[in-house]
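Participant: Provided below are the primary sequence and the corresponding predicted coordinates.
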Protein chains: 2
Amino acid sequence: MSAKITIYDIAKKLNITAATVSRALNNNPKISEKTRILVNETATKMNYKQNKLAQALKSGKSYNVGVIVPRIDSNFFASIIRGIEEELYAQGYHVIICQTNNNENMEIENINTLLNAQVDGILMSISNVSIQKNASFNRLLAKKIPLLFFDRKKNIEGVSSVTVNDFEAGYKATKHLIDEGCKRIAHLSNDRLFDIFKDRFLGYKQALIDNGLEFDDNLVIEIKSSIEDGKMATKQLLNMKNPPDAIFSSSDWSALGAIQELKSQGVKIPEECCVVGFSNEPFTEFMELSISSIEQFPVEMGKQAAKVFLEQVNNGADFTTEKKIVLTPKLHIRDSSSRRLALNKN
Amino acid sequence: MSAKITIYDIAKKLNITAATVSRALNNNPKISEKTRILVNETATKMNYKQNKLAQALKSGKSYNVGVIVPRIDSNFFASIIRGIEEELYAQGYHVIICQTNNNENMEIENINTLLNAQVDGILMSISNVSIQKNASFNRLLAKKIPLLFFDRKKNIEGVSSVTVNDFEAGYKATKHLIDEGCKRIAHLSNDRLFDIFKDRFLGYKQALIDNGLEFDDNLVIEIKSSIEDGKMATKQLLNMKNPPDAIFSSSDWSALGAIQELKSQGVKIPEECCVVGFSNEPFTEFMELSISSIEQFPVEMGKQAAKVFLEQVNNGADFTTEKKIVLTPKLHIRDSSSRRLALNKN
DNA sequence: TAAAAAAATGCAATCGATTACAGGTAAATA
DNA sequence: TATTTACCTGTAATCGATTGCATTTTTTTA
C-alpha cells in the first residue's frame, strides 16, 4: 500500500528510464518540456518523495550539520541552537544535537559519530581545553569539513569562530561597578584555561588597573557555574577581614548563589555589596531584586555561526583564512548593582 | 592524504574482497579468526570509519530521529530534548531538531522534510490541533514509522504518547488554593483545543465543584502564554466588581505577568491573592517571592518518550496497541500561594 | 530527399556497505 | 585414495539517485 515510491516506479509507469525521471525532476535542460511536465505530474500523483539518504550518498552532501554543546537545557545554549536552526533550516539543512555534559571524552565521541554520519559541518562550543591535541579532532580538521566554534572557542588555525567580546564584557561590568563607587571588587571566575573565562578575568583586571584600583588575587575565586559554588565562594569572601563591596560573577548561576548568601548573612544589596552576573539568563530580569548581567545575544550568535558555516560550504574548501566574528556584549544594569540609586533613595 | 577510506581500500590492500571485509568488521561467524583480526587491524591502521549514510541506505535505518517542538529555547522543551537525546544517544541514535514556532504549516513541512531524510521515528509536541486532518500527517501514519506525542498530544489511534496528567495537575493546584482558603479562584487558560489546556481547565473546574465552590465562567480567561497576556488578563480580573482571591495560570509566564500586575496595583501576594503557575520554569524558584508551580518532569518525559520509541522500532511494526504514558505532576508550593502561612505571620 | 546538426533519452557506472548464493579449499570420513 | 562435510571467501545484486557518454529521435539545412 504505502510502499516507498522511487524514481524507478515512476520510470516503469511511464515506460522511460530512471535517468530521465531524475533529470526531469531536477529540471535538467536536456529534458523536453513535455516529459518534464509528465514526470512531475506523475511524481505528484504517485506521491513520490525524494530519498535524501540516497542523494546524500551519491552527492557526498548530507545536508545535516552537527551542533555540540555542553548541555541543551540552559537558556544560553538553547538560544544559540535556536538561532542556528532557524538560519540553517531556511537553506535546507537539518541540525543534529549532541550534548557533552562537559565530558571531554563525550566530546571526542560526538565528533566521531557525527563524522561517521557524514555531517556537512560541525558547530561547537568546546568542553575540552586541550582538544587540539586529540587525534580525532585532527582528523576532523584534515577532512576539511567546516568546523566552527561559538562561545567557548580555541584559537586554532583555520577554524572560524563566533564569540562575544569577553574582555570587553568583563571590563564593562567592572567599570560599571567602579562607577557605582565600589572599591573592592571580587570576581567569581571559572576554569581560565577556557578563553572565555580568561578574557572575562582579564577585562576585570584591566578595568581595575585603568581606574587606579588595586588588583588583589585573593578576591578572585575559581568555581564552577552553579548556585552552590556561588554561595560557597561568597561565604569565603565574607569571611575575609576585608570583604569585598562588589562581586562580578562570570555566571548568572553563581551570581544568584552569591545573592542568596549575601542576603542570608544580612548584607544589603546593592548598598553594601553589588552583584553583576553573566549571560542574562531569563531569571535575572524577573527577580524582585533583579540581577545586572551581561547579554551575549545568543540567538544572534547562533545565526552568525550558521552564516559563516554556509559561506564555507558554499565556497568549497578554500576557506583557509578563518573568520573571527566578535559580538559586542551588552551590560544590563539592574537592581543588584544600582548602588548610587539605592544610596540616594535613603 | 585524508581521502575517505572505504572497505574497498581495505580489501585492495589485503587482496581480498569488500564482502569479506564487511563481514569481518561485522563479526560475521563465517569469517575465519585470522582474517577477522587482520581486517580489524588493518582497518584501525588505515583509520577506516564506517559511512553511516551508505549503511543507512542499504539497511533502511538511518539511526536518526526527528524531534519537533514549538521552540527549543524554553526550559521545558529543552529539558525534554535533553532527556530524549541522552536516552537515544546511548542506543546509537542522533536527534534532529525542528522548531515550528507554533506555525501549523511549519509543522507539516517539518514532518515532510524529516520523512524525506528517512528518520526512523518522529517525536513531537503538536502545534496544530487539527493535525490528523492533514494529508502529510496521514502519510506519516501510513508509513508505519514510530510516531510519538509528548506533552501536547492528540488522541489518534496507533499513536503513543507521554504526557503529564494535566487534569490531576489542574485539580491539585486548585485544591491547594482552596485549602489555602481561597474562595474565588480565577484560571488563566490557553487554547483549549489542545488537550493539555482543556485538561488543566477541567481539573480546575472539578476541584471547584468537588469542594462546593461555584464555577464562574467569567473567571476563566483564555490567553497566550506570555508575561504581557498575563498582565492584561489580570488587569481585566481586577476590574471586576468581585475580583478573584487566587489565580491558577496554565503557564509560568502568564503567572509572572499576573504577579507583576498584582504588585503594581498594590495587591498583596499571597494574602489578598494567591498565584500558582505551571511548568516549574527555573525562575519560579528563584524569585524573591517564589512562585508555586506544577512540575512536569520534562527530562523524564523525554526519556520515557525515547524509551517508547525504542520499544516500537525494536518490536518492528506490530505496535498496534498504542501506549499512553501519563506522568504524575508535582505541585511545588512556594511563597506565591502560601496564604495561611503568611496570614499567621501577621 | 539525403545529410548534418540538435535535441532528447537510454545505458551503465557510481556513491559505500550489505548479503543471498555460488564456489573453492581443507579437513573428516569411508 | 575417493568422497562427503565443514568452513571460508568470492560474485554479483541491492538500497535510490545521479551523470558522463553513447545512442536514438527529431529538426534543420543543403
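Facilitator: That came in fine, so what should we check first? Numbering: from 1, shown residues only, chains lettered A, B, ... in the order given.
Participant: Distance from stretch A:91-111 to the middle of the chain?
Facilitator: Its chain's C-alpha centre and that of stretch A:91-111 lie 12 Å apart, by CA atoms, centre = their mean, to the nearest Å.
Participant: Check stretch A:69-89 too.
Facilitator: 7 Å.
Participant: Only the C-alpha atoms, please, for it, written as CSV.
Facilitator: C-alpha atoms of stretch A:69-89 as CSV (Å, rounded to 0.1, in the frame of the first residue of the first chain):
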residue,chain,number,x,y,z
VAL,A,69,27.1,21.8,23.3
PRO,A,70,27.8,21.0,27.0
ARG,A,71,24.1,20.8,27.6
ILE,A,72,21.0,21.9,25.8
ASP,A,73,18.8,22.8,28.8
SER,A,74,20.4,26.1,29.5
ASN,A,75,18.8,29.2,28.1
PHE,A,76,22.1,30.3,26.6
PHE,A,77,22.8,27.2,24.6
ALA,A,78,19.2,26.6,23.7
SER,A,79,19.0,30.1,22.3
ILE,A,80,22.2,29.6,20.2
ILE,A,81,20.7,26.4,18.8
ARG,A,82,17.5,28.2,18.1
GLY,A,83,19.5,30.8,16.0
ILE,A,84,21.5,28.1,14.2
GLU,A,85,18.4,26.0,13.4
GLU,A,86,16.4,28.9,12.1
GLU,A,87,19.2,30.1,9.8
LEU,A,88,20.1,26.6,8.5
TYR,A,89,16.6,25.3,8.1
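Participant: Show me which residues of the host helix or strand of A:Leu57 are buried.
Facilitator: Here A:Leu57, judged by DSSP states H and E, is contained in helix A:52-59. Within helix A:52-59, the residues that qualify as buried are A:52-57, counting by 16 or more other CB atoms under 10 Å in any protein chain shown. Just so you know, the C-beta spots here come from the backbone N, C-alpha and C atoms, and that holds for glycine as well.
Participant: Past that helix, which element shows up next along the chain?
Facilitator: Heading C-terminal from helix A:52-59 (DSSP H and E), you reach strand A:64-69.
Participant: what residues go with each domain of chain A?
Facilitator: A:7-50, A:62-163+A:298-326, A:166-296+A:332-345 (automatic domain parsing).
Participant: Including distance to chain B, could those go into JSON lines?
Facilitator: As requested, the domains of chain A are exported to JSON lines (distance: least, CB to the nearest CB, whole Å):
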{"stretch": "domain A:7-50", "distance to chain B": "5"}
{"stretch": "domain A:62-163+A:298-326", "distance to chain B": "4"}
{"stretch": "domain A:166-296+A:332-345", "distance to chain B": "3"}
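Participant: So which of these is nearest DNA strand C?
Facilitator: domain A:7-50 (3.3 Å; CB to the nearest atom of the strand).
Participant: can you give me how far that closest one is from the chain middle?
Facilitator: 43 Å.
Participant: got the end-to-end distance for it?
Facilitator: End-to-end distance of domain A:7-50: 8 Å, with CA to CA, to the nearest Å as the criterion.
Participant: any bit of that domain sitting next to DNA strand C?
Facilitator: Yes: contact of domain A:7-50 with DNA strand C (CB under 7 Å from any atom of the strand) involves A:15-20, A:23, A:29-35.
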